[in-house]
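Asks: A structural model of the following input is requested.
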Amino acid sequence: MSKTFKILLFTLSIFFMSLSFIFIPLFVFAQEQSGGTGQVPARVEVKIENPFSLGNNLSDLITKVLEKVIMPIGGTIVVLMIIWSGFLFVKARGNDEKLKEARKSLTHAVIGAAILLGAVAIATAVENTINALK
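Replies: Numbers count the residues shown, from 1 in each chain. Now for the predicted structure:
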């Protein structure tokens with residue numbers, strides 16, 4: 001295939017895909033709501049719950065941010081880094097330089113996990129101290 005033909009084929013495929021994103025929703029028919037009235041309610045209420053619903057003080061905010069944001073994201077990153085380190089160990093196949101890199105990666109992942117757990121321990125200690133002073 002010539003380069004011009006490839007470019008033309010790519011352009012046409014992008015064009016038809018964009019057309020499909022525009023026109024397909026026009027032909028999709030949704031199911032009627034329960035009750036069979038066929039009427040759409042005039043107002044739909046959406047309720048978003050407050051993720052920091054325990055209270056309005058600083059210690060509760062720090063606890064919720066640690067539990068709901070930092071721990072899930074940090075824990076996922078630590079697990080992925082440990083898996084990546086294992087992959088590097090397998091990929092090294094006895095090569096000393098690559099084994100050194102894999103050990104370094106695993107060490108950094110374990111240090112990251114320790115920092116994450118240390119942050120939780122420090123936050124818990126500070127929270128308990130603040131609650132004891134109240």
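Asks: Let me know the distance separating Lys104 from Ala132.
Replies: 41 Å (CB to CB, to the nearest Å). C-beta: built from backbone N, CA, C; applies to glycine.
Asks: Point to the residue nearest the middle of the chain.
Replies: Centroid-nearest residue in the chain: Ile73, 6.8 Å away (criterion: CA atoms, centre = their mean).
Asks: OK, contacts around it?
Replies: Remark: with contacts taken as CB atoms under 8 Å, 6 or more residues apart in numbering, Ile73 is in contact with nothing.
Asks: Toward the C-terminus, what is the element adjacent to the helix or strand hosting it?
Replies: Element membership for Ile73, per DSSP states H and E: helix 71-92. Moving toward the C-terminus from helix 71-92, the next helix or strand (DSSP H and E) is helix 96-133.
Asks: and the lowest-mean-pLDDT helix or strand in the chain, what does it pack onto?
Replies: Using mean pLDDT, DSSP states H and E, helix 58-65 stands out as the lowest-scoring helix or strand of the chain, at a mean of 76. Of the remaining helices and strands, those touching helix 58-65 by 3 or more CB pairs under 8 Å, 6 or more residues apart in numbering; DSSP states H and E are helix 96-133.
Asks: in the helix it packs on, what counts as buried?
Replies: Going by neighbour count (16 or more other CB atoms under 10 Å), the buried part of helix 96-133 is Glu101, Ala102, Ser105, Leu106, Ala109, Ala113, Leu116, Val120, Ala123, Glu127.
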